[in-house]
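Visitor: structure here, sequence nowhere to be found:
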């Protein structure tokens, strides 16, 4: 299945699709959200992603705190970081004006309906909703491409989610994710990308990463990741729920350039390229004389060796084949040997 968002094809045959996730790092300030869009554009990004929260529709009232992420109540964080429908449309319109794709993650049925009414080209589903089959089913019915993060879920759980989406013939791709903030490098588990590729060979696979820096994302590209998602902020010194694990504009630029370079470099096989052959002429060594040789002399380490350039008829790999054989005629010093110079030599 070819996976496309708008006119952008995504998969192993295309450059990595790098998602800069502002999420709720704007803290509910629409002007700050617009600044984030500018920063993504200036860094060379092609997509910026937000989160669509309608607190009362996605949560029941609770004093729960988000673990070690914050001492603030989760309800208060989400409520404070909401954007109104009009503000979200303003951000979407600004993205269009700046030529960058706008995506958003819904956390409720109502948020999904809002985003669909806005005409977003695809839905990004967070790991917390990976096994929320009723919501997945609701979103899949829109028929728009879905990118599904799979943190906190094993293959069996992901299999159920994939089935719920694909029964609507909805285009789908999967992101491996570890839901730890930040994720220690030894918990990233890039091998899970291969697990997803093996289990779902018809679906493109990528990485939504919460480790520090861009290193694991670059490694993921070498393993076949087609999408890379990282939290993004203008500065980690700014307040915001996810700024501590976010990359900054310079890192985003490096991620885009570096992932594209690795994508171009992967694949291939161990053969000699046509483009390497001009280098062979000066880099290879040829068998040549290092002392005058008379007709009938035996070739030995005393009178032959290997020297560059590689323009001689016999390259260094044939050296042992020449040792012990005799010369058919006189040869001066630094003469590149040819089969005609060697008695009984099989070319």
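Guide: Great, that's in hand. Here the structure is a predicted model, which means the values were calculated and not measured.
Visitor: switch to C-alpha atoms for all contacts and neighbour counts from now on
Guide: Fine.
Visitor: quick check: longest helix of this structure.
Guide: Looking across the chain with DSSP state H, the single longest helix is helix 249-265.
Visitor: what does the residue nearest to residue 53 when sequence neighbours are not counted show for phi and psi?
Guide: Counting by Cα to Cα, 6 or more residues apart in numbering, residue 82 is the residue found nearest to residue 53 once chain neighbours are left out, at 5.6 Å. Main-chain dihedrals, residue 82, degrees, to the nearest 10: phi -60, psi 150.
Visitor: what do you get for residue 227?
Guide: Per degrees, to the nearest 10, the backbone of residue 227 is at phi -130, psi 140.
Visitor: could I get the full set of strands for the stretch 1-150 of the chain?
Guide: Using DSSP state E, counting those that start in this stretch, the strands of the stretch 1-150 of the chain run over residues 3-5, 8-10, 17-23, 47-52, 101-106, 123-125, 146-149.
Visitor: to residue 201, which of the ones you listed lies closest?
Guide: Closest approach to residue 201 among the strands of the stretch 1-150 of the chain is made by strand 3-5 (13.1 Å; Cα to Cα).
Visitor: which elements pack onto the closest one?
Guide: Other elements packing on strand 3-5 under the criterion 3 or more Cα pairs under 8 Å, 6 or more residues apart in numbering; DSSP states H and E are strand 8-10.
Visitor: helices and strands around the strand it packs on, which ones?
Guide: strand 3-5.
Visitor: need the strands of the stretch 1-150 of the chain in TSV with distance to residue 182, can you?
Guide: Below are the strands of the stretch 1-150 of the chain laid out as TSV (distance: least, Cα to Cα, whole Å):
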stretch	distance to residue 182
strand 3-5	29
strand 8-10	27
strand 17-23	15
strand 47-52	19
strand 101-106	20
strand 123-125	20
strand 146-149	16
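Visitor: the longest helix of the chain: how far from the chain's middle?
Guide: Relative to the centre of its chain, helix 249-265 is centred 8 Å away, using Cα atoms, centre = their mean, to the nearest Å.
Visitor: before we move on, back to that, quick one: residues contacting the residue nearest to residue 53.
Guide: 24, 27-28, 52-55 (Cα atoms under 8 Å, 6 or more residues apart in numbering).
Visitor: just the buried ones from the residues you listed?
Guide: 24, 27-28, 52-55 (16 or more other Cα atoms under 10 Å).
Visitor: and which of the residues you listed is nearest to residue 101?
Guide: residue 52 (15.7 Å).
Visitor: any idea how far the closest one is from residue 96?
Guide: Taking Cα to Cα, to the nearest Å as the measure, residue 52 falls 18 Å from residue 96.
Visitor: over to residue 181?
Guide: For residue 181, the distance to residue 96 - Cα to Cα - is 31 Å.
Visitor: who has more neighbours, those two?
Guide: Between residue 181 and residue 96, counting by other Cα atoms under 10 Å, residue 181 is the more crowded of the two (16 against 12).
Visitor: now that one. Nearest residue, chain neighbours left out?
Guide: In space, residue 181 is closest to residue 210, 6.0 Å off (Cα to Cα, 6+ apart).
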